[in-house]
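In: pasted the sequence and its predicted model underneath.
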Amino acid sequence: METVIELHDIRFKYDTDDWVLNGIDLSIGPAEYVLVCGANGSGKSTLGYLLNGLIPHFMEGEFIGNVMVDGNDTRNLTVADLAEMVGLVLQNPEAQLFNATVAEDIAFGLESLGLDAGVIDARLAQVVRSLHIDHLLDRSPTELSGGEKRLAAIAAVLALEPSVVVLDEPFADLDWDGVELVRRQLRDLHQTGKTVIVIEQRLESVLNEASRCIILENGKVFFDGAPAKGKTILSERQLIPNYPERMPRTVTDERPILAVQNLHFRVNGEEILKDISFKIKKGESVALIGRNGAGKTTLIKHFNALLRPHAGSVLVLGEDVRRKRINDLAANVGLSFQNPNDQFFKLRVDEELRTGPKLVGKVDEKWIDNVFKIFELDELLDRSPYRLSEGEKKRVGLASIFSMQPPVVVLDEPTAGQDGHFKEALVHFLRMLEDFGFTLIIVTHDFEFARAATDRWIVLEEGKVVGDGPPRLFAEKMHATYGESAINHKECVKQHDDKFGKAAIG
Amino acid sequence: MTINLARQRLARLDPRTRLFLGGACLCAVLVASGLEVLGIQSAMILLLLLTTGLATKWARSMRLLWPTMAMVFVVVYLSFDFWQAIISCAKLFNLLTVSFIFFNKISPQEMADALRKMHVPYSFSFILTTAMRYVPLIGQKTRNIMDAQLSRGIDLRFRPRNFKNIMALLVPLTVQSFMLSEQLGMAMEMRGFARAGRTIRRAYYLKPVDYMAIVVSSISLAAFTCWQMGWLR
């Protein structure tokens, strides 16, 4: 059988750690569409680094075995030489975009290949058209949303037209439109004879498209075969989450704990949030759903006054947040951002978790012990937060907010880049926390997770609330065709005007 | 109308010309010695700020630089005298404002392309321009970290009593900066940074207006330098 990539008895470890890859043998042929999956920390990204020569040329560590690309040992080629053969889209798109504009970023690799300006422009135009990012060309990567950055990073690699394309979590920050776009693009690439290797946690996005599924476990190939069979194994090993059925909860306290009234917010004259109004009752679990750039993160930053509205108001426990200082509001509204690395500064996990409670004057050791148990952190307490796996970091980040016992907890994309086991565990954690009386607001693109963790969805589109009600009202409508409105607001309001929508709330 | 024309004229010049004009203006500020001359320069620079539509952005960026200027004033006043302190501050003000206009009228990519066209080694121009690009990125990271810490009740406002909280900003920022620099190196390598025979996508040509701008500014700078140095007497 003809192969484009061959791995012979690969073993790799970073510095003094255990083997991250421990005896991998693989052959990947031309025009294969391979899904590589596994739990957090199973060695998936490290495998990606091997394929384009970052290991052994860039990453430090102990490397044993051989990686052959098109019959060449990667030890004998530089990463720059391999760029034409293997294109790798990194897990963190921010790291990959280092030019002043998106156009310059996409052109960078093409300039390195020494192509003429005309060819560069033609390839650039083609790739941005296929990913629908023409409007981003002149924008700085730093100004883009997470999903837009992801698409720009993918475009920069696809423009090089490598024969093997490796994508590390390409769907992580994308909304349903972005997922569909990238999925279509990968399908087209595969059909044109390219080898496509996707390393992914959002398995449902690739399982039906891929021709082969490889499951890694503890640095070894645990399964290598047909995606249909792989799906069964993934379910058994909880890598595809099997959420428990959610019974709708009734909230007895009718008083709103958070009220947003006619909120407007502008950035550089452009209106980002337009006349947003809703109320959330104490003990409710609410999902904020919307496409990339719909204004979700901008909205939640108003809940603890990180942003101040240009018009309208936000009331927490009946008090206007504009009258309070942000750090004082932390006692009432806990906001957990996507990147846990933004908050770690203590040497040990337990110190990190006690920081918030000390500052808001609510050190309750019994509750903190509870949080350790709920988030399964007992064995990590004396470790440095920076030495944890991404899933563990996320758990510490969330636990540090809950340890402060704020009545309202807002979680921004808590499942992004996390494996099925974490997602399922998080639903259990959140249900336990609901029983303690927390009001939960979760920003997410993950419909299944949102359905399992919340009773009410507020749908944002282009800075406006276009729907507000129980998940069953939206679930099917949310899978709209690319470019169409996420939901038909008018139709929904007509059908359920007594149950949700601004008319009912305002 | 005047404002629009001024904006268009600056943007129409080749990046090499803009680089040269920026350098000439900085030299003119450096060789200026008298308070009257520095005052006239300040007035001209402020006029340029207004006509290029950068006044608001400049006012915002200068907020952090006023304390530096105040410190320079105090140090020079204590070391020399009042007038020397005023001259030093005026010179610093002009230097900062000219640099601000310059960096707002040339993008990092244009600067990199201009330096490459002038046969400056690519690795050098890339380091320079990447450093320029990373300033807003680090700024964004700093804001994200501040948002995350404020949300946990850690007060990071500029107050003496918050000094103990500074580690909550510095530790994540330092760690992320190291991570970012490693990832940048990876991303550059992956897209062929080290390959020979690199091309430039954008074509740049020096037009008559560029030559004219370079010649006029060279003569003006030479004359101004001779006058300030007293070589014309």
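Out: Everything's here; your move.
In: pLDDT weak spots in the chain?
Out: In the absence of a named chain, this looks at chain A. Along chain A, segments meeting pLDDT under 70 span A:1, A:16-17, A:475-506.
In: that's the wrong chain, I wanted chain B
Out: B:1-11, B:233.
In: helices or strands next to the one helix or strand residue A:49 maps to in the packing?
Out: Assigned by DSSP states H and E, residue A:49 belongs to helix A:44-51. Secondary-structure packing of helix A:44-51 (3 or more C-beta pairs under 8 Å, 6 or more residues apart in numbering or on different chains; DSSP states H and E): strand A:5-13, strand A:21-28, strand A:33-38, strand A:62-69, strand A:86-89, strand A:164-168, strand A:195-199. Using the backbone N, CA and C atoms, a C-beta is placed for each residue, glycine as well.
In: now with 6 Å?
Out: Counting contacts by 3 or more C-beta pairs under 6 Å, 6 or more residues apart in numbering or on different chains; DSSP states H and E, helix A:44-51 packs against strand A:164-168.
In: restricting to C-alpha, output the strand it packs on in PDB.
Out: Output of strand A:164-168 as PDB, limited to C-alpha atoms (Å, rounded to 0.1, in the frame of the first residue of the first chain):
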ATOM      1  CA  VAL A 164      -1.200  16.600   3.800                       C
ATOM      2  CA  VAL A 165      -3.300  18.900   6.000                       C
ATOM      3  CA  VAL A 166      -3.300  18.400   9.800                       C
ATOM      4  CA  LEU A 167      -5.700  20.400  11.800                       C
ATOM      5  CA  ASP A 168      -5.500  20.400  15.600                       C
END
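In: does chain B have contacts with it?
Out: No - remark: strand A:164-168 sits outside contact range of chain B, by C-beta under 6 Å from any C-beta of the partner chain, the gap being at least 10.3 Å.
In: nearest residue to the closest residue to chain B within the stretch 101-250 of chain A other than its sequence neighbours?
Out: Nearest residue of the stretch 101-250 of chain A to chain B, counting by C-beta to the nearest C-beta: residue A:112, 3.0 Å away. Take residue A:112 and drop its neighbours on the chain: the residue closest to it by C-beta to C-beta, 6 or more residues apart in numbering or on different chains is residue B:192, 3.0 Å away.
In: what of residue B:100?
Out: Excluding its sequence neighbours, the residue lying closest to residue B:100 (C-beta to C-beta, 6+ apart) is residue B:58, at 5.6 Å.
In: so the one you found is in which element?
Out: Secondary structure from DSSP H and E places residue B:58 in helix B:55-62.
In: what's the next helix or strand after that helix packed up against?
Out: For helix B:55-62, the following helix or strand on the C-terminal side (DSSP H and E) is helix B:66-79. Applying 3+ C-beta pairs under 6 Å, 6+ apart, we find helix B:66-79 packed against helix B:82-105.
In: show me which residues of the helix it packs on are buried.
Out: Neighbour-count burial for helix B:82-105 flags B:85-94, B:96-98, B:100-102, B:104-105 (criterion: 16 or more other C-beta atoms under 10 Å in any protein chain shown).
In: report the distance from that helix to the chain centre.
Out: Remark: helix B:82-105 is offset 11 Å from the chain centroid, using C-alpha atoms, centre = their mean, to the nearest Å.
In: which residues touch that helix?
Out: Under the contact criterion C-beta atoms under 6 Å, 6 or more residues apart in numbering or on different chains, helix B:82-105 has outside partners B:10, B:18, B:22, B:25-26, B:29, B:35, B:38, B:41-42, B:45, B:54, B:58, B:65, B:69, B:72-73, B:76-77.
In: among these, name the buried ones.
Out: Buried among the contacts of helix B:82-105 by 16+ other C-beta under 10 Å: B:10, B:18, B:22, B:25, B:29, B:38, B:41-42, B:45, B:54, B:58, B:69, B:72-73, B:76-77.
In: and which of the residues you listed is nearest residue A:321?
Out: Nearest to residue A:321 among the buried ones among the contacts of helix B:82-105 is residue B:58, at 32.2 Å by C-beta to C-beta.
In: how close does that closest one sit to residue B:87?
Out: 22 Å (C-beta to C-beta, to the nearest Å).
In: how about residue B:172?
Out: 42 Å.
In: repeat for residue B:77
Out: 11 Å.
In: same check, this time on residue A:15
Out: Using C-beta to C-beta, one gets 55 Å for the distance from residue A:15 to residue B:87.
In: same thing with residue B:73?
Out: Between residue B:73 and residue B:87 the computed distance is 10 Å (C-beta to C-beta).
In: what's the neighbour count on residue 129?
Out: In the absence of a named chain, chain A is used. Other residues near residue A:129 come to 10 when the count uses other C-beta atoms under 10 Å in any protein chain shown.
In: ah, no, chain B please
Out: A count of neighbours around residue B:129, defined by other C-beta under 10 Å, yields 22.
In: what of residue B:200?
Out: Using other C-beta under 10 Å, residue B:200 is surrounded by 15 other residues.
In: excluding chain neighbours, give the residue nearest to it in space.
Out: In this structure, residue B:200 finds its nearest non-sequential neighbour in residue B:113, 5.8 Å apart by C-beta to C-beta, 6+ apart.
In: same question for residue A:3.
Out: Closest to residue A:3 by C-beta to C-beta, 6+ apart is residue A:27, at 4.6 Å.
In: partner residues bridging the one you found?
Out: Beta-bridge partners for residue A:27, by DSSP bridges, are residue A:6.
In: how close does it sit to residue A:43?
Out: According to C-beta to C-beta, residue A:27 and residue A:43 sit 18 Å apart.
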